[in-house]
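[1] Show me how the following folds:
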Amino acid sequence: MTRLFSITGMATTVLLVLGLAASGLQPGSPWPVRLIQAGLLMLMVTPITRVVVACVGYVREGDRLSALLTAAILVLVAAGGYLATR
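    Numbers count the residues shown, from 1 in each chain. Alright, predicted model coming up:
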């Protein structure tokens, strides 16, 4: 899993750098904005994915307390995301 998250971190960096470079080369074009948005979306989704993977791992191991705590974190993140969009 660590390798997967390293790859997503590199992909996020590439998208953000390409978006910033393209915004300087093509001002007013929608592509730089889309690249930057994709990079920021990956940046936000990666930690959430880590928490989901940890929760599933705890459930498989039978560690109820850790699974409950990570599930509570997911609920808080989801509630924060919902409230931020209102």
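
[2] show me where pLDDT drops low in this protein?
    1 (pLDDT under 70).

[3] So for it, the centremost residue is which one?
    In the chain, the residue lying closest to the centroid (Cα atoms, centre = their mean) is Val45, at 1.6 Å.

[4] Would you list the phi and psi of it?
    The phi/psi pair for Val45 (degrees, to the nearest 10) reads phi -80, psi -30.

[5] helix/strand/coil for Gly19?
    Per DSSP: H, G, I helix; E, B strand; the rest coil, the secondary structure class of Gly19 is helix.

[6] so who does it touch?
    Neighbour list for Gly19: 32-39 [criterion: Cβ atoms under 8 Å, 6 or more residues apart in numbering]. Yep, even glycine has a C-beta here, placed from its N, CA and C like the rest.

[7] Quick check on the residues you listed: which are buried?
    Burial by neighbour count, judged by 16 or more other Cβ atoms under 10 Å, picks out 32, 35-36, 38-39 from the contacts of Gly19.

[8] now those residues in TSV, with secondary structure?
    Shown next, in TSV, are the buried ones among the contacts of Gly19 (three-state DSSP):
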residue	secondary structure
Pro32	helix
Leu35	helix
Ile36	helix
Ala38	helix
Gly39	helix
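
[9] Reformat these as TSV; add distance to Leu4.
    Formatted as TSV, those follow (distance: Cβ to Cβ, whole Å):
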residue	distance to Leu4
Pro32	27
Leu35	21
Ile36	23
Ala38	18
Gly39	17
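
[10] closest to Leu16 among the residues you listed?
    Closest approach between these and Leu16, by Cβ to Cβ: Gly39, at 3.8 Å.

[11] Just give the closest residue to that closest one, not the sequence neighbours.
    Leu15 (3.4 Å; Cβ to Cβ, 6 or more residues apart in numbering).

[12] contacting residues for that neighbour?
    Leu15 makes contacts with 35-36, 38-39, 42, as judged by Cβ under 8 Å, 6+ apart.

[13] Return the member of the residues you listed nearest to Thr70.
    Distances from Thr70 to the contacts of Leu15, taken by Cβ to Cβ, are shortest for Met42, at 21.0 Å.

[14] Surely the closest one is in contact with Ala11?
    Yes - between Met42 and Ala11 there is a contact under Cβ atoms under 8 Å: 6.2 Å.
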